[in-house]
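S.K.: model this:
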Amino acid sequence: MNAFLKGLPGAAKVQAHQWFFLAASVYALGMVPLAMLARHGYGPVALATPAGHAYEMLFGFALALIAGYLLGPMPARRLAGFLFVWLLARITGLIAPLEWPTVLVNALFVGLLAWHMLPRLWVAKKWRNRLLAPLLGLICAMTVLIALIGHLDYHLLARAFLDESVLLFALLMLFMGGRMLAPAVAGEFYRQGKELEARVQPHIEAALIVTVVAAFALAPLTASVSGLLLCTSGVLAGVRLLRWQLWRCLARPDLICLGVGYGWLALGLLLLGWVKLNGGAYFSTAVHALTVGALGTLAANVIVRVTLLQVKQYPSRIQPIVMLTACMSAAAILRIGADLSPHREWLLMLAALAWSGTFLQVLIIQLDCRAYVSSHRKLLRGGVG
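M.R.: Numbers count the residues shown, from 1 in each chain. Now for the predicted structure:
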């Protein structure tokens, strides 16, 4: 590790997404097929159980996305350190799940993440913006808490915490997705000579925050009230999405695709609320509307969008964005349908292929952009010479 860090230019700054998005894409590409193999005795034992697979989806893959999106530019050596600890946490989690090394390395990663991100986020003036700091802090805390409880053999409690942690990521997607879509749609309206009146929609955003936080807090006490609150938040998210009038942005497939991800978020909250109101059956099925449909779709679109903008390319001109979104929606539909079908194993396999195929396309786009930047730099150097 020290030899690797010495080989990096210490003073040069690198955008965190350039490394973490690439790592997240590679991890996503292999994680679901490995879980499928593990279920049949051919993959890492940690991914053979639903809890192990869910933990890596949320606190491995999703945390890498958060790091890439929010860490910003930092010295290459420091960023390499962050990435090394994240990678070490993933490796120890697959080799020795629920053991002390895994707990400690995960704690180190989220501790570094919180130390670097939270002070910058806490300076926001509006309470809705300041919510991001405690929300991310709670996600970091849950990363360690669930791993620690699992290590102490309280598996049912760890699974309960893991199930409810999905709501924290749903709230983060509601917040970040809205903050990305609203100005982008408003900009497209402006280019058309129109004005979008419903932008961030602060009252709906505030109601979403209150309902999801209350649903998370009340889940251990009353599942029915938690379910009702989640249904309410799903309706609110749907209303917010409709008020953005994305049907007027047909020339911008990138915005439509982000809207599809936000739509999965609204649907997932409704399904999860409905499941809680009806005794909790098919909880795992409903969760996949959020983890595959919403998280997968938004992650793929955000990675491609940020990567293209970094090299001064416009996402609206890249047709694969539509294919990515269609593939991920297919993965979500197949995964949800698998639990309702007698052909479960076949549908699970097709869902895994659709998920991995999506992130293979995402990875190829990132590598193409890197190759473009590299060749452009060589041309500039040749011209200067």
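
S.K.: start to end distance for stretch 124-136?
M.R.: End-to-end distance for stretch 124-136, by C-alpha to C-alpha, to the nearest Å: 14 Å.

S.K.: could I get the full set of strands for this protein?
M.R.: For the chain, applying DSSP state E gives strands covering 13-15, 73-75.

S.K.: can you pull the buried residues of the first one?
M.R.: Spelled out, that is strand 13-15. Residues 14, 15 are the ones in strand 13-15 that count as buried (16 or more other C-beta atoms under 10 Å). Bear in mind the C-beta positions are built from the backbone N, C-alpha and C, glycine included.

S.K.: so what does that strand touch, helix or strand wise?
M.R.: strand 73-75, helix 76-95 (3 or more C-beta pairs under 8 Å, 6 or more residues apart in numbering; DSSP states H and E).

S.K.: mind redoing it with 6 Å?
M.R.: In terms of contacts (3 or more C-beta pairs under 6 Å, 6 or more residues apart in numbering; DSSP states H and E), strand 13-15 is packed against strand 73-75.

S.K.: for the strand it packs on, buried residues please.
M.R.: residue 74.

S.K.: list the neighbouring strands of that strand plus their orientation.
M.R.: As defined by DSSP bridges, the strand partners of strand 73-75 come to strand 13-15 (antiparallel).

S.K.: pLDDT of the strand it pairs with, averaged?
M.R.: Averaging pLDDT along strand 13-15 yields 91.

S.K.: what's the answer for stretch 225-235, then?
M.R.: On average, stretch 225-235 scores 98.

S.K.: quick one, phi psi at residue 252?
M.R.: phi -120, psi 80 (degrees, to the nearest 10).

S.K.: related to what we said a few turns ago, present the strands of the chain as CSV; the columns should include distance to residue 307.
M.R.: Below are the strands of the chain laid out as CSV (distance: least, C-beta to C-beta, whole Å):
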stretch, distance to residue 307
strand 13-15, 10
strand 73-75, 15
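
S.K.: for residue 360, find the nearest of these.
M.R.: Across the strands of the chain, residue 360 has its closest neighbour in strand 13-15 (22.7 Å, C-beta to C-beta).

S.K.: out of the strands of the chain, flag the one nearest residue 173.
M.R.: Nearest to residue 173, of the strands of the chain and by C-beta to C-beta, is strand 13-15 at 21.5 Å.

S.K.: burial count for residue 23?
M.R.: Per other C-beta atoms under 10 Å, the neighbour tally for residue 23 reads 18.

S.K.: now it. Nearest residue, chain neighbours left out?
M.R.: Spatial nearest neighbour of residue 23, chain neighbours left out: residue 64 (5.8 Å); criterion: C-beta to C-beta, 6 or more residues apart in numbering.

S.K.: I appreciate the help and will end here.
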